[in-house]
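Undergrad: task: produce atomic coordinates for the following.
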Amino acid sequence: MTEAQIQLQNALTTTFLANLAFLSEYDNELYHRVDELSRMIENETYKEKYALDFIMENGEFDIYDIVNNKYLYDKKPKKFNDELINKIQFDEKQSILNVEQYFTFKEQYQVNKDERFNFVNLREYNILTLNDTFGYTSILNDFMNKDSKKLKRIDKFIFLGTLLGRHIPKIAEKINAKTYLILERNLEIFRLSLFVVDYKILAKKGAIFSIMDTPRDEERKIFDFLKYNRLENYIIKLSTTNINIDKYVDNVLNVLNTLNPVGYDYNRYLYTHVNRTTQYIKEKYRILLFDKIKEKCNIFYKTPILYIASGPSLDENINWIKENQDKFFIVTIGSSYKKLLLNGIRIDMITTLDEQYVILNDKQFDEESVSKISENTIVLASTITNRRILEKFNQKNLFLYEVFFPFHIGNLAFDGYSIGEVTLDILLKMNPSEIYLLGLDLALNQKTGDTHSKNSDSGIFKLNLQEKQNKNIFDHRNSLIKVKGNLKKEVYTTPLFFTSIKSTEAKILFKNKKTKIYNLSAHGAYFFSSISKRIKNVRLDKYENKSSINNELKKILIENSLMNLSINSKKSINKEILFMKRFKEHLERFYQVEFKNYNLFLKRVFMEIKKIQDKGFLIFNQIISNYLDIVVPYLLYHFNDKNLINESEEVKNVKKIFIKQIKDITNDYILCLERLTK
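TA: Below is the predicted model:
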């Protein structure tokens with residue numbers, strides 16, 4: 001070995017050891033995996049598939065693929081790296097633009113805002129939000145239709161694949177982003193990069209490494225990256241090696257979709273959740289106290305629950321349900337109960353969540369179908385359910401559950417992307433010993449592409465499973481993605497269902513350790529910590545035919561519910577009303593403050609919002625946070641423009657719109673709260 005070769009080897013070893021020392025402190029789990037791989041290579045218990053090779057004519061390193069007898073850089077590493085570096089510019093190319101579509105509309109839509117407390121469909125709420133966003137786009141004359149834009153900065157950056165990573169420090173130095181995500185499918189390749197790249201440069205800002213992770217850990221790290229400073233997700237720049245990057249972009253888009261603020265926006269929070277809940281408390285509807293139910297309910301110790309949703313798997317198992325119905329306490333949702341009644345299946349409890357009147361009235365709870373519900377069937381409805389739907393049910397069997405955040409101090413409220421996971425969460429709070437899931441597929445029929453069971457009273461779609469997906473279009477209902485299946489290796493689902501899958505797993509994570517959840521859905525997605533089981537393998541011999549426990553459950557629900565607010569809850573609301581009125585006065589003084597640029601304005605906005613957060617007013621904070629989640633990414637996008645002129649004047653106009661809209665929200669919020677003090 002020549003002196004030059006010895007010096008090169010020493011330099012490589014020094015860099016590798018420095019990276020290991022860095023990882024041992026920064027990402028200890030990754031450090032141990034790299035260290036273990038090194039030990040296996042040294043002990044010859046792992047046969048290397050890749051080797052580090054120095055290309056003399058380039059003066060650069062390449063990766064030799066031993067198995068396939070080829071070079072990953074094609075012996076042109078310098079050219080490869082230079083192209084990656086040169087592709088990254090301060091523009092919108094090679095990036096994910098994540099600003100809501102509302103900001104592309106060039107006109108307002110008509111809606112009677114005076115009737116906002118009485119809206120019955122989502123379109124009306126959507127128009128309210130659209131018209132709010134139009135206030136910004138019209139005054140800034142920016143409808144996101146520019147052909148090209150020179151950015152002042154790039155806040156978030158993702159490296160898709162590392163190879164040897166020689167391009168990474170130079171791109172990081174060029175871009176100087178705030179946060180980086182490094183994704184690599186092959187631990188051995190990443191280990192080779194530790195010999196030739198100093199990764200500490202990324203950690204000076206903030207970096208998350210996802211190297212050959214399990215799908216679950218990969219999702220978690222992508223989520224951590226996107227959740228951190230989530231308002232800066234408005235534009236995420238990408239650099240890709242195009243090697244070992246399969247599904248990375250899809251996974252980022254899927255997780256990004258779970259953070260979508262328009263899934264349930266601030267106008268719906270205010271005019272359905274706050275408006276209707278305060279009305280129902282004033283009108284003395286019986287509202288369940290799930291904090292107490294969780295402590296006291298013990299009737300499901302020997303009675304298994306069969307929870308039936310309206311996914312495609314329901315169709316194939318109707319006969320099994322009918323034959324074994326006496327073994328279970330049967331719970332279903334609004335879109336499934338008519339099919340069960342039609343097949344002579346007893347229903348012990350029905351749940352509903354949706355706030356829309358027309359859909360529920362026409363498809364689920366029409367007069368004829370409601371009249372067929374047994375007088376023994378318990379109905380749990382959310383506090384956002386339309387009043388005209390609530391009035392259809394037997395009032396003696398009707399109980400309401402709170403959603404999002406509770407008005408009753410100490411109560412447990414429920415949230416989720418669909419009635420499917422919300423119902424499961426409700427059942428988990430009743431301390432069951434066993435829950436059997438059927439029809440909670442959150443995936444498509446793997447043969448036909450149907451989203452729900454036949455004749456389901458839900459929004460049924462049919463997707464073409466053979467159609468090639470357009471990667472430039474990401475639609476939360478119509479795009480196809482693959483996830484781990486419950487009884488199949490993989491199943492097709494949609495981004496909308498994916499959000500519910502993640503929400504379901506979050507509910508299961510906090511279940512009682514003694515509760516077993518068996519997922520019987522043949523077409524369904526897998527839920528982490530559930531037990532996959534084929535129906536033919538379910539052993540029901542240990543279960544005797546169960547006599548109804550509805551009366552026992554109803555007694556528990558009555559004893560652990562209220563038809564009015566407690567004294568402490570009223571005191572809390574009076575305190576919040578007083579704060580909100582002072583907050584409005586403070587907004588008036590906000591008018592007088594001048595800001596040279598948008599960043600200074602945004603910093604002041606966060607200072608004001610922190611005062612709400614510090615007071616612990618969770619419901620109002622949720623509304624305002626959602627408003628910011630929708631509006632701020634667009635404003636960050638607009639003001640991140642090198643060619644912008646007269647920024648201070650534009651900020652002044654933005655400030656006026658912002659203060660007016662926040663004041664309107666605050667006024668209506670106070671109006672709703674004051675119902676509870678009279």
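
Undergrad: what about the closest residue to residue 76 other than its chain neighbours, which helix or strand?
TA: Among residues not flanking residue 76 along the chain, residue 58 sits closest, at 7.0 Å (Cβ to Cβ, 6 or more residues apart in numbering). Heads up, the C-betas are built off the backbone N, CA and C, glycines and all. Taking DSSP states H and E as the definition, one finds residue 58 inside no helix or strand.

Undergrad: how near is residue 58 to residue 652?
TA: 55 Å (Cβ to Cβ, to the nearest Å).

Undergrad: quick one: the strands in the stretch 251-400 of the chain?
TA: Along the stretch 251-400 of the chain, counting by DSSP state E, counting those that start in this stretch, strands occupy 287-288, 305-308, 329-333, 349-352, 378-382, 398-401.

Undergrad: can you list the domains in this protein?
TA: Domain assignment for the chain by automatic domain parsing gives 3-87+156-228, 300-562, 565-677.

Undergrad: ok, the residue nearest to residue 433 when sequence neighbours are not counted - how many residues close by?
TA: Nearest residue to residue 433, sequence neighbours excluded (Cβ to Cβ, 6+ apart): residue 301, at 5.6 Å. Neighbour count for residue 301, taken as other Cβ atoms under 10 Å: 11.

Undergrad: same question for the one 10 residues further on.
TA: Other residues lying near residue 311 total 31 when counted by other Cβ under 10 Å.

Undergrad: my read: residue 650 touches residue 136, true?
TA: No: counting by Cβ atoms under 8 Å, residue 650 sits too far from residue 136 to count as a contact (10.2 Å).

Undergrad: returning to what we had before: and of the domains of the chain, who's closest to residue 100?
TA: domain 565-677 (5.7 Å; Cβ to Cβ).

Undergrad: pick out the residue closest to the middle of the chain.
TA: Central residue of the chain (Cα atoms, centre = their mean): residue 258, 2.3 Å from the mean position.

Undergrad: burial check on residue 134, number of neighbours?
TA: That count, for residue 134 with other Cβ under 10 Å as the rule, works out to 18.

Undergrad: and it, how far is that from residue 393?
TA: Taking Cβ to Cβ, one finds residue 134 at 39 Å from residue 393.

Undergrad: go on, residue 509?
TA: Distance from residue 509 to residue 393, counting by Cβ to Cβ: 32 Å.

Undergrad: end-to-end on stretch 525-545?
TA: By Cα to Cα, to the nearest Å, the extent of stretch 525-545 from end to end equals 30 Å.

Undergrad: got it, and stretch 588-603?
TA: Using Cα to Cα, the end-to-end distance of stretch 588-603 comes out at 18 Å.

Undergrad: phi and psi next, for residue 63.
TA: Here is the backbone geometry of residue 63 (degrees, to the nearest 10): phi -110, psi 120.

Undergrad: that one: what's it in contact with?
TA: Each residue near residue 63 by Cβ atoms under 8 Å, 6 or more residues apart in numbering is listed here: 50, 51, 52, 53, 71, 72, 73, 163, 164, 189, 192.

Undergrad: residues touching residue 635, list them.
TA: When contacts are counted by Cβ under 8 Å, 6+ apart, residue 635 touches 136, 598, 602, 654.

Undergrad: who's in contact with residue 164?
TA: Applying Cβ under 8 Å, 6+ apart, the residues near residue 164 are 52, 61, 62, 63, 73, 77, 189, 192, 193, 196, 197.

Undergrad: repeat the analysis, applying 6 Å as the threshold.
TA: 61, 193, 196 (Cβ atoms under 6 Å, 6 or more residues apart in numbering).

Undergrad: residue 236 too?
TA: 96, 156.

Undergrad: kindly recompute the last result at 7 Å.
TA: Residue 236 makes contact with 95, 96, 98, 156, 158, according to Cβ atoms under 7 Å, 6 or more residues apart in numbering.

Undergrad: doesn't it belong to a strand?
TA: Yes: counting by DSSP: H, G, I helix; E, B strand; the rest coil, residue 236 is part of a strand.

Undergrad: low pLDDT regions in the stretch 251-400 of the chain?
TA: For the stretch 251-400 of the chain, no stretch has pLDDT under 70.

Undergrad: for it, which segments count as helices?
TA: Applying DSSP state H, counting those that start in this stretch to the stretch 251-400 of the chain gives helices spanning 266-268, 275-282, 290-296, 318-324, 337-342, 357-359, 367-371, 387-390.

Undergrad: hey, which of these is tucked in deepest?
TA: The highest mean neighbour count among the helices of the stretch 251-400 of the chain, using mean count of other Cβ atoms under 10 Å, belongs to helix 266-268: a mean of 24.

Undergrad: which strands and helices sit next to that one?
TA: Under the contact definition 3 or more Cβ pairs under 7 Å, 6 or more residues apart in numbering; DSSP states H and E, helix 266-268 sits against helix 122-140, helix 618-639.

Undergrad: report the angle between the first one and helix 618-639.
TA: The reference is to helix 122-140. Counting by axes from the mean of the first three to the mean of the last three Cα atoms, to 10 degrees, helix 122-140 points 40 degrees away from the direction of helix 618-639.

Undergrad: following element in sequence after the lowest-mean-pLDDT helix or strand in the chain, please.
TA: None of the helices or strands of the chain scores lower by mean pLDDT, DSSP states H and E than helix 200-203, at a mean of 86. Using DSSP H and E, the helix or strand that directly follows helix 200-203 along the chain is strand 207-211.

Undergrad: tell me which other helices or strands that next one touches.
TA: strand 179-184, helix 215-227.

Undergrad: which ones are touching the nearest residue to residue 655 once chain neighbours are set aside?
TA: Among residues not flanking residue 655 along the chain, residue 601 sits closest, at 6.3 Å (Cβ to Cβ, 6+ apart). Residue 601 sits next to 595, 651, 655 when contact means Cβ under 7 Å, 6+ apart.

Undergrad: one more time with 10 Å, if that's ok
TA: 590, 593-595, 635, 639, 647-648, 651-652, 654-655, 658 (Cβ atoms under 10 Å, 6 or more residues apart in numbering).
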